[in-house]
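Undergrad: Next one to model:
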Amino acid sequence: MESDIKLLIESRREKQKYFSEKFLMRLLTQVSSVLRYIHSKSVLHRDISPDNIMIKSFKEGDEDSLMVVLSDFDTVREHEGTLMNKTNLVGKRFYAAPEMAGSTYGTPIDIWSLGVVMIELMTFSPMFHFRPFTEVILDEISQEQVLGTLAAEMRVCLNYNTLTCLETIQ
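TA: All right, here's what the predicted structure looks like:
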């Protein structure tokens, strides 16, 4: 069985079949071991999420058969000591630790993300629900909290490219 935890969550959610404590502990132990290892090598994953935890093997009803691997090391960065200067915002916002929006962060960001994944495994619901950024901005514009010309420019930018728009405003 080669799949990811995200697909397993979706499948179980449809059936309302919750994961056993044994399954959750086995998954937590295996991913924590990987994080402990990469953190000991001064590496941050920065994108722990259900679709980056791959199921190498699992036989339904036999939690002991669960073997997972952590994937998607595209966003990893080496860090010195305990903190890393922010280079750019990476990872999936539902799982990213709040300090990733700040100037420095360290290994706790991966632990935070794993905790958020574990909550989703237990509840079948993401810990945080966000509206798309463009939707939030358009609501602000429609409520006329942004003035005249800027509002028109924002609409054009949002339809074109959110990142380009933000760079223009700064």
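
Undergrad: could you point out which element follows the helix or strand of the chain with the lowest mean pLDDT?
TA: Taking mean pLDDT, DSSP states H and E as the measure, the helix or strand of the chain with the lowest value is strand 84-85, at a mean of 48. Proceeding C-terminally, strand 84-85 gives way to strand 104-105 as the next helix or strand, assigned by DSSP states H and E.

Undergrad: for this structure, what spans make up the helices?
TA: Shown for the chain, the helices assigned by DSSP state H span residues 5-15, 21-40, 108-123, 133-142, 148-160, 162-169.

Undergrad: domain parsing for this structure?
TA: Using automatic domain parsing, the domain parsing of the chain gives 3-123, 133-169.

Undergrad: Tell me where the model's unsure across this structure.
TA: Within the chain, the stretches with pLDDT under 70 are 1-2, 74-93, 103, 129-170.

Undergrad: Looking at it, which strand is longest?
TA: In the chain, assigned by DSSP state E, the strand with the most residues is strand 62-70.

Undergrad: From the contact counts, what lies against that strand?
TA: Contacts defined by 3 or more Cβ pairs under 8 Å, 6 or more residues apart in numbering; DSSP states H and E place strand 62-70 against helix 21-40, strand 53-59. Quick note: C-beta positions are derived from backbone N, CA and C, even for glycine.
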